[in-house]
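>>> Pasting the sequence and the predicted coordinates here, then a few questions.
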Amino acid sequence: MIETEDLVEAPPQNPVEPYLRTDRLPHIWCPGCGIGTSLNCFVRALIESKEDLDRLAVVSGIGCSGRVAGYVAFDSFHTTHGRAVPFATGLKLANPALKVVVYSGDGDLFAIGGNHIIHAARRNVDIKVICVNNFLYAMTGGQSGPTTPPSSITTTSPYGGFEPAFNLPHLMDAAGAVYVARWTTFHVRQLTRAMIEILHKPGFCFIEVLSPCPTLYERRNKLGDGLDTMKYYKEKSKIRHGAPTSEVALDKRGEIIVGKFVDRNRPEYLELMRAQHRAQLGDRFVEAPACLCD
Amino acid sequence: MARGFVTILIERCKGCGFCVEFCPTKVLAMSSAFNSKGYHPPHVVAPEKCSGCDLCGMFCPDFAIFGWKLRNGKAVGGGRES
Ligand SMILES: Cc1ncc(C[n+]2csc(CCOP(=O)(O)OP(=O)(O)O)c2C)c(N)n1
Ligand code: SF4
Ligand code: SF4
Ligand code: SF4
């Protein structure tokens, strides 16, 4: 299976392998799908930030992107559709020593799960959300959703969509996220760096990852394959750190503003809750043990 | 003499071409051969140009390729320096 030019010694294994359930590979994602590239970046972020995998949990909802939970070789939750954020919130509150990462799709997080995510951001729950945005509901056959750019052809908009789309960074900024960034699967280094940053930043952090869905979005819209989409990301992306999120809305194949838009500090939910309980209950307030996982 | 090496896991590849397109020194090309699933994997056409930077490894959605270096006769994977 392994082929190397200049075979010098036994070749090392792919550095990401210890973090993945390799017995489940090849994964179900289509050729040229960007979800795997995003996961690749995530694993590299875990390696570089030397995360303690015994203190990490990945929570996904349902969808192609939600499959991530099934491929990582550490604690993960494949939850119900739209409920990744409430599962993650419960996990974090019950076991604050855990680092909790939500990894899911735009439909899962912002259509059926939309209410959950805005309130998690408002409360500044200490969870890290990675949203793979492929502009539609891929797993169920490519229906349009709240992130589908107007005029896109999808299963449910055969003549082109007309609904305005959410601008996810703007929504998350307004709801109170302390970290908001957007990258594409072309920006592997920047995306990896952003993932490292959110792993280290307390509070509700959000990264939107634009990702090709060649099988449904690109094909129906006659936009080529995954590689064509990656070239489009390369050509049409402009890095503007700190750009006002109101200015980063996307349209079909237009310019893409990427970068870190928001990086601020706000008291985190558990901190606020503890302070309130201490103030109101005094001696009667008993701190939960720091870690329940030992 | 190559400063780096690239390993391709042919059977895991789905032929997307990301690695070929984005290798900074054009070490790779798509092969006309098929793997057992019918995809065309990449192959190495300019080994001497490989820096072992592992950019191909970062782009690959299928974990099917990675670059590495030799340090003191030992393989150092993933483009990292340690
Ligand atoms: C309660 C419920 N409603 C609907 C579905 C059907 N369903 C499965 S995945 C999905 C959408 C997934 O879209 P997204 O989150 O964008 O992920 P993608 O597949 O695009 O990665 C839907 C509607 C479901 N599984 N459960
Ligand atoms: S349908 Fe789209 S999102 Fe789902 S695996 Fe295929 S390319 Fe990826
Ligand atoms: S990036 Fe990976 S899956 Fe795509 S052609 Fe290269 S080795 Fe194959
Ligand atoms: S390790 Fe770097 S130089 Fe070598 S093939 Fe991969 S991308 Fe090209």
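Looks like it arrived, so ask away. Ligands and ions are numbered 1, 2, ... in the order given.

>>> where does the stretch 151-294 of chain A dip in pLDDT?
Scanning the stretch 151-294 of chain A for pLDDT under 70 picks out A:290-294.

>>> backbone phi and psi for the residue of chain B found nearest chain A, please?
Nearest to chain A in chain B, going by CB to the nearest CB, is B:P61, at a distance of 2.9 Å. To be clear about C-beta, it is placed using only N, CA and C from the backbone, and glycine gets the same treatment. B:P61 adopts backbone torsions of phi -70, psi -10, taken as degrees, to the nearest 10.

>>> Name the helix or strand for the residue of chain B found nearest ligand 4, please.
Closest residue of chain B to ligand 4, CB to the nearest ligand atom: B:G67 (2.2 Å). According to DSSP states H and E, B:G67 maps onto strand B:65-71.

>>> wait, doesn't A:A45 sit right on A:I196?
Yes. With contact defined as CB atoms under 8 Å, A:A45 reaches A:I196; the gap is 4.7 Å.

>>> ok, then the element right after the helix or strand containing A:I117?
Secondary structure from DSSP H and E places A:I117 in helix A:114-123. Sequence order places strand A:127-133 as the next helix or strand after helix A:114-123, per DSSP H and E.

>>> neighbours around the closest residue to ligand 1 within chain B, how many?
Nearest residue of chain B to ligand 1: B:P61, at 13.2 Å (CB to the nearest ligand atom). A count of nearby residues for B:P61, using other CB atoms under 10 Å in any protein chain shown, gives 27.

>>> Which residue is the nearest non-sequential neighbour of the residue of chain B at minimum distance from ligand 2?
Of all residues in chain B, B:P61 sits closest to ligand 2, at 8.7 Å by CB to the nearest ligand atom. Spatial nearest neighbour of B:P61, excluding adjacent residues (CB to CB, 6 or more residues apart in numbering or on different chains): A:G36 at 2.9 Å.

>>> Quick check, that neighbour in contact with B:A64.
No. The pair A:G36 / B:A64 is not scored as a contact, 9.4 Å apart, by CB under 8 Å.

>>> Is B:F5 bridged to anything, and to what?
Here B:F5 sits in beta bridges with B:W68, going by DSSP bridges.

>>> between the helix holding A:I117 and strand A:127-133, how big is the angle?
140 degrees (axes from the mean of the first three to the mean of the last three CA atoms, to 10 degrees).
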